[in-house]
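Trainee: Just a sequence and a predicted model for now, questions to come.
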Amino acid sequence: AKKLNQIVTAAVLKMAKAAEDAPGDIQEALETDRDQMARSATQAATRAAESAMAGIRHDLDNERAKLSQAAGEARREAWRWFGGFWVWLASMLATGAIIGALAMAWIAGRGDAREFGQFPSIYCGSAGGQVVEQNNGSSYCAIWINRPDQ
(Lines give C-alpha, C1' and ligand atoms only; values in the text may rest on other atoms or scores of the structure.)
Protein backbone atom coordinates (compact mmCIF):
# COMPACT_ATOMS: atom_id res chain seq x y z
CA ALA A 1 0.00 0.00 0.00
CA LYS A 2 2.89 2.40 0.82
CA LYS A 3 4.70 1.59 -2.44
CA LEU A 4 1.51 2.05 -4.41
CA ASN A 5 0.92 5.35 -2.62
CA GLN A 6 4.45 6.54 -3.50
CA ILE A 7 4.02 5.61 -7.15
CA VAL A 8 0.67 7.34 -7.35
CA THR A 9 1.99 10.42 -5.56
CA ALA A 10 4.92 10.67 -7.98
CA ALA A 11 2.58 10.28 -10.96
CA VAL A 12 0.23 12.89 -9.55
CA LEU A 13 3.09 15.36 -9.06
CA LYS A 14 4.26 14.79 -12.65
CA MET A 15 0.76 15.31 -13.90
CA ALA A 16 0.40 18.48 -11.87
CA LYS A 17 3.60 19.85 -13.38
CA ALA A 18 2.45 18.93 -16.89
CA ALA A 19 -0.96 20.41 -16.18
CA GLU A 20 0.54 23.77 -15.32
CA ASP A 21 2.17 23.91 -18.74
CA ALA A 22 -0.87 22.74 -20.76
CA PRO A 23 -3.73 24.90 -22.03
CA GLY A 24 -6.93 25.22 -19.99
CA ASP A 25 -8.95 22.37 -21.60
CA ILE A 26 -6.12 19.90 -21.34
CA GLN A 27 -5.42 21.09 -17.81
CA GLU A 28 -9.03 20.33 -16.72
CA ALA A 29 -8.87 16.85 -18.23
CA LEU A 30 -5.56 16.17 -16.50
CA GLU A 31 -6.89 17.41 -13.17
CA THR A 32 -9.92 15.14 -13.50
CA ASP A 33 -7.69 12.19 -14.34
CA ARG A 34 -5.40 13.08 -11.45
CA ASP A 35 -8.31 13.22 -9.01
CA GLN A 36 -9.70 9.92 -10.33
CA MET A 37 -6.26 8.30 -10.02
CA ALA A 38 -5.90 9.55 -6.43
CA ARG A 39 -9.35 8.16 -5.54
CA SER A 40 -8.51 4.80 -7.16
CA ALA A 41 -5.17 4.63 -5.34
CA THR A 42 -6.84 5.42 -2.02
CA GLN A 43 -9.49 2.77 -2.60
CA ALA A 44 -6.84 0.18 -3.56
CA ALA A 45 -4.79 0.99 -0.46
CA THR A 46 -7.90 0.75 1.72
CA ARG A 47 -8.84 -2.65 0.24
CA ALA A 48 -5.28 -3.93 0.77
CA ALA A 49 -5.26 -2.79 4.40
CA GLU A 50 -8.70 -4.34 5.05
CA SER A 51 -7.55 -7.61 3.51
CA ALA A 52 -4.41 -7.66 5.68
CA MET A 53 -6.44 -6.87 8.81
CA ALA A 54 -8.94 -9.64 8.01
CA GLY A 55 -6.07 -12.14 7.77
CA ILE A 56 -4.60 -10.97 11.06
CA ARG A 57 -8.01 -11.07 12.74
CA HIS A 58 -8.54 -14.64 11.50
CA ASP A 59 -5.12 -15.71 12.81
CA LEU A 60 -5.80 -14.09 16.20
CA ASP A 61 -9.18 -15.84 16.47
CA ASN A 62 -7.52 -19.19 15.74
CA GLU A 63 -4.80 -18.59 18.35
CA ARG A 64 -7.34 -17.48 20.95
CA ALA A 65 -9.37 -20.65 20.37
CA LYS A 66 -6.23 -22.80 20.73
CA LEU A 67 -5.23 -21.05 23.98
CA SER A 68 -8.74 -21.42 25.38
CA GLN A 69 -8.76 -25.12 24.55
CA ALA A 70 -5.30 -25.61 26.13
CA ALA A 71 -6.43 -23.79 29.29
CA GLY A 72 -9.49 -26.01 29.56
CA GLU A 73 -7.37 -29.15 29.15
CA ALA A 74 -4.91 -27.92 31.79
CA ARG A 75 -7.76 -27.19 34.21
CA ARG A 76 -9.25 -30.68 33.69
CA GLU A 77 -5.85 -32.33 34.08
CA ALA A 78 -5.18 -30.42 37.31
CA TRP A 79 -8.59 -31.49 38.62
CA ARG A 80 -7.76 -35.14 37.83
CA TRP A 81 -4.26 -34.78 39.28
CA PHE A 82 -5.53 -33.51 42.62
CA GLY A 83 -8.25 -36.17 42.87
CA GLY A 84 -11.34 -34.46 41.59
CA PHE A 85 -14.49 -33.61 43.47
CA TRP A 86 -14.44 -36.35 46.13
CA VAL A 87 -10.90 -35.57 47.28
CA TRP A 88 -11.79 -31.89 47.42
CA LEU A 89 -14.94 -32.65 49.44
CA ALA A 90 -13.05 -34.95 51.85
CA SER A 91 -10.32 -32.34 52.36
CA MET A 92 -12.91 -29.62 53.06
CA LEU A 93 -14.68 -31.87 55.59
CA ALA A 94 -11.36 -32.76 57.26
CA THR A 95 -10.39 -29.10 57.44
CA GLY A 96 -13.75 -28.24 59.00
CA ALA A 97 -13.40 -31.04 61.55
CA ILE A 98 -9.90 -29.90 62.53
CA ILE A 99 -10.99 -26.27 62.87
CA GLY A 100 -14.03 -27.39 64.91
CA ALA A 101 -11.90 -29.52 67.24
CA LEU A 102 -9.40 -26.69 67.77
CA ALA A 103 -12.20 -24.22 68.48
CA MET A 104 -13.83 -26.62 70.92
CA ALA A 105 -10.53 -27.21 72.77
CA TRP A 106 -9.85 -23.48 72.93
CA ILE A 107 -13.33 -22.70 74.24
CA ALA A 108 -13.34 -25.64 76.67
CA GLY A 109 -9.96 -24.64 78.11
CA ARG A 110 -11.13 -21.12 78.71
CA GLY A 111 -14.37 -22.36 80.26
CA ASP A 112 -12.54 -24.72 82.61
CA ALA A 113 -10.20 -21.97 83.76
CA ARG A 114 -13.15 -19.66 84.40
CA GLU A 115 -15.01 -22.32 86.36
CA PHE A 116 -11.90 -23.14 88.40
CA GLY A 117 -11.45 -19.46 89.23
CA GLN A 118 -15.06 -19.10 90.40
CA PHE A 119 -15.26 -22.38 92.34
CA PRO A 120 -11.72 -23.43 93.32
CA SER A 121 -12.87 -25.66 96.18
CA ILE A 122 -14.93 -27.82 93.81
CA TYR A 123 -12.37 -28.13 90.99
CA CYS A 124 -9.13 -28.18 93.01
CA GLY A 125 -8.84 -31.97 93.26
CA SER A 126 -9.83 -32.68 89.65
CA ALA A 127 -7.32 -30.06 88.48
CA GLY A 128 -4.50 -31.91 90.26
CA GLY A 129 -4.38 -29.71 93.33
CA GLN A 130 -4.84 -30.26 97.07
CA VAL A 131 -6.97 -28.19 99.48
CA VAL A 132 -4.81 -26.95 102.37
CA GLU A 133 -6.53 -25.93 105.62
CA GLN A 134 -4.95 -23.18 107.68
CA ASN A 135 -5.08 -22.61 111.46
CA ASN A 136 -7.30 -19.53 111.13
CA GLY A 137 -10.02 -21.53 109.32
CA SER A 138 -9.22 -20.36 105.77
CA SER A 139 -8.13 -22.73 103.02
CA TYR A 140 -6.43 -22.57 99.66
CA CYS A 141 -5.81 -24.83 96.67
CA ALA A 142 -2.19 -25.87 96.29
CA ILE A 143 -1.09 -27.22 92.93
CA TRP A 144 1.96 -29.45 93.21
CA ILE A 145 4.55 -29.14 90.44
CA ASN A 146 6.46 -32.20 91.71
CA ARG A 147 4.52 -34.31 94.21
CA PRO A 148 6.51 -35.55 97.20
CA ASP A 149 6.75 -39.26 97.84
CA GLN A 150 4.16 -40.40 100.43
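Mentor: That came in fine, so what should we check first?
Trainee: Average pLDDT for whatever helix or strand residue 37 lives in, rounded please.
Mentor: Assigned by DSSP states H and E, residue 37 belongs to helix 24-81. Average pLDDT, helix 24-81: 86.
Trainee: what do you get for stretch 94-108?
Mentor: The model assigns stretch 94-108 a mean pLDDT of 87.
Trainee: same deal with stretch 131-140?
Mentor: Here the average pLDDT along stretch 131-140 is 89.
Trainee: Buried residues of that stretch, list them for me.
Mentor: By neighbour count on 16 or more other CB atoms under 10 Å, the buried set for stretch 131-140 is empty. For every residue, glycine as well, the C-beta is placed using N, CA and C.
Trainee: residues in contact with that stretch?
Mentor: 121, 124, 125, 141, 142 (CB atoms under 8 Å, 6 or more residues apart in numbering).
Trainee: residues near the last one, how many?
Mentor: Read that as residue 142. The number of residues packed near residue 142 is 10, by other CB atoms under 10 Å.
Trainee: quick one: strands adjacent to the helix or strand containing it?
Mentor: Using DSSP H and E, residue 142 falls within strand 139-143. If you go by DSSP bridges, strand 139-143 pairs up with strand 129-133 (antiparallel).
Trainee: mind checking how far the partner strand is from the chain centre?
Mentor: Distance of strand 129-133 from the chain centroid (CA atoms, centre = their mean, to the nearest Å) equals 63 Å.
Trainee: helix/strand/coil for the residue of the chain most remote from its centre?
Mentor: In the chain, the residue that sits farthest from the middle, by CA atoms, centre = their mean, is residue 135; the gap is 73.7 Å. Following DSSP: H, G, I helix; E, B strand; the rest coil, the label given to residue 135 is coil.
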